Each structure stands twice: as C-alpha cells, then as structure tokens.
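Let me see the structure of the following:
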Amino acid sequence: MKTTTPDLQQTVHEMVRKGYAAIATGKSSCCGGKEMTPGELARQIGYSAGELAALPEGANLGLSCGNPAALAALKPGEVVLDLGSGGGFDVFIAGRKVGATGRAIGVDMTPEMLAKARRNAAGYRGQTGVDNVEFRLGEIEHLPVADHTVDVIISNCVINLSPDKPQVWREMARVLKPGGRVAVSDLALLRPLPQSVREMVEAVIGCVAGAVLVDETEHLARTAGLTDIVLTKKSDFLKAKADWNDPLYRKIAEHLPAGTTAADFITSLEIQARKPQT
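Below you'll find the model as predicted:
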C-alpha cells in the first residue's frame, strides 16, 4: 500500500466532498442518469422491493455496489455504524432491522449529504414511530465514535474513496466491541488499473480510481487486528453497469487495453471480518 502525504489526502477529500455535495444537491448523478434509476440499480445488486419501498423519499441516491445490511445479518438491539452514509439509505434499512432497542449511526464528511440524511430521518421516524437513527459529520479516517461501542460496521462503496485506507481499518477496529463484526460492500481491483483511469476525476467519484487489489484489502483488515476475514467477489454490480450502459463505465472502457472490459479489472467485493473477543 503506497503511503500518501497529508496534502494529497486533503486534495482527495476535497475532490470527493465536492463530487458528493453535487450529488446530494441534485446537481450531479452517479448512476447513469436516465439510463438507470437508483431503484433499478439497487434491485439488481440485491435489495428487496420491500426494503426499497420502506425508504424515505430521496434516501436512495444510487451510490451502492452491494447490500451490506443484508450481509451483516443484523439483530434487534445491536448498534450499527455506517461509514459514508450519504442520504441515509443503509442506515434506514439497518434501523428497521435493529429495532427500537438498537441504534443505527451514519457518518459522512459531506455537509450536504448530512443535511439530506437528517431531513430524510424525519420521514423515517414518521414511518416507523422509532427514533433510533442519527447522523454525524466526520471523516471515516477519524470516526466521531467512542472506543468499543459498535456491534457491527457496514459500508457501501465508500472505503475505496479514502486516501488513507490503513487508518480507516484501524478506526474500524477501534470502535468495534470485542467480538464485533464488519460487513462491507466495496469495490476492489482484480489487477491494477491503467494510469489514465486512475487520473480521471470521474473515476474517483465513481469509486473506482481509489480501489485497491483484493489481496491488499485482506491485508489491511488483518493488519488492523481483525480476524475471520471472508472476501466474496460479486459480479452483479459490474453487470448492472454494463447492462445499463453507464456513462462512467463506458468512459473507463475507452481507456482500457484493447480486448478488455471493466469487469476484467474491477469487482464488487463483500468483506466480512470480526474483532477478536480478547
């Protein structure tokens, strides 16, 4: 894993923050515009019609590459933390699963996203009659969460955006309770991307340019002190992007070697891990 300077980390953060602020305020889209709606993408990568129908309006922004709440097998009474919670999509799904005795916390570094999620939370409370969700402003490299207070960490296509992934995994291990678990959907690389793709701003915002190799993802989790690591490659996200002729992935394809596709380089990855009891 290459180290990054504080200046470069700040540059990446600002680039991502600006891109996701535009998505939050409706000035940009990340999921193919008219060619694919957020709901269509979510259904294709594993969300049920019931989960989507129960969401507050505007919570699904089409930013997913998997269904981490389902992967986590959440139980009533658990405290779940969503890294990069956006408009609250997975937090609201998790909140219903952990129930009134549980808590679902979202952390996001983009004020516009946080404002959107908090507005959406009013709709969630009205639908459920339960006040068990909250959203905190913060970077996933420096979580505004106390040590050993979280049962489950979920995240959906966000960790690859971080310019300091080792620090993210250390933070995850810090806030988890002993025996706590990780259930993350992210993008990872099957082989390195060409430099021209890594330099595309659109690829950064689309959760591609910052992705690391699958084996490196496992190394980061293990180095942070997590165990029972299970990585599962999933082709449904890339298939959805290809089927719907997503503009970003079409542009990436133009920069790939002849005879290759995005699926030869990129995979959606389910990551499960656990913090040891001692």
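
any idea where the strands of the protein begin and end?
Under the criterion DSSP state E, strands of the chain are mapped to 79-83, 103-108, 133-137, 150-156, 176-189, 227-234, 266-274.

Same list, the ones you listed, but as JSON lines with distance to Pro56 please.
Glycine gets a C-beta too; all of them are placed from N, C-alpha and C. Shown next, in JSON lines, are those (distance: least, Cβ to Cβ, whole Å):
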{"stretch": "strand 79-83", "distance to Pro56": "15"}
{"stretch": "strand 103-108", "distance to Pro56": "13"}
{"stretch": "strand 133-137", "distance to Pro56": "10"}
{"stretch": "strand 150-156", "distance to Pro56": "17"}
{"stretch": "strand 176-189", "distance to Pro56": "21"}
{"stretch": "strand 227-234", "distance to Pro56": "27"}
{"stretch": "strand 266-274", "distance to Pro56": "25"}
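
Nearest to Ser64, out of those?
Comparison of these against Ser64 by Cβ to Cβ identifies strand 150-156 as nearest, at 5.0 Å.

what about the stretch 1-150 of the chain, any weak spots by pLDDT?
Applying pLDDT under 70 to the stretch 1-150 of the chain flags the ranges 1-4, 8, 27-36.

what does the stretch 151-278 of the chain give?
Across the stretch 151-278 of the chain (using pLDDT under 70), the flagged ranges come out as 201-207, 240-246.

so where do the helices sit in it?
165-175, 195-198, 201-205, 214-223, 236-243, 247-254 (DSSP state H, counting those that start in this stretch).

Most tightly packed of those helices?
Highest mean neighbour count among the helices of the stretch 151-278 of the chain (mean count of other Cβ atoms under 10 Å): helix 165-175, with a mean of 21.

Mind checking the strands of the chain for the one nearest to Glu57?
Of the strands of the chain, the one closest to Glu57 (Cβ to Cβ) turns out to be strand 133-137, at 15.7 Å.

gap between the residue most central in space within the chain and Pro166?
In the chain, the residue lying closest to the centroid (Cα atoms, centre = their mean) is Asn156, at 2.2 Å. For Asn156, the distance to Pro166 (Cβ to Cβ, to the nearest Å) stands at 20 Å.

now swap in Lys116 and tell me
For Lys116 relative to Pro166 (Cβ to Cβ), the value is 30 Å.

same thing with Leu63?
Taking Cβ to Cβ, one finds Leu63 at 23 Å from Pro166.

quick one on the thing from earlier: generate CSV for the helices of the stretch 151-278 of the chain, with distance to Arg274 as supplementary columns.
What follows is those, written out as CSV (distance: least, Cβ to Cβ, whole Å):
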stretch, distance to Arg274
helix 165-175, 10
helix 195-198, 32
helix 201-205, 30
helix 214-223, 10
helix 236-243, 24
helix 247-254, 33
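
Ok, which of those helices comes nearest Ile45?
Of the helices of the stretch 151-278 of the chain, nearest to Ile45 by Cβ to Cβ is helix 236-243, at 5.0 Å.

got the contact list for the residue nearest to Thr217 when sequence neighbours are not counted?
Of all residues not flanking Thr217 in the chain, Ala188 sits nearest, at 5.4 Å (Cβ to Cβ, 6 or more residues apart in numbering). By Cβ atoms under 8 Å, 6 or more residues apart in numbering, Ala188 lies in contact with 160, 211-214, 217, 233, 266-267, 269.

Gly77 too?
Taking Cβ under 8 Å, 6+ apart, one finds 98-99, 101-102 in contact with Gly77.

before we move on, what about Gln277?
Taking Cβ under 8 Å, 6+ apart, one finds 178-179 in contact with Gln277.

Next, find the distance separating it from Gly179.
Taken as Cβ to Cβ, the span from Gln277 to Gly179 is 5 Å.

Phe92 now?
26 Å.

More neighbours: those two, which one.
Of the pair Phe92 and Gly179, Phe92 is the one with more neighbours under other Cβ atoms under 10 Å, namely 28 against 11.
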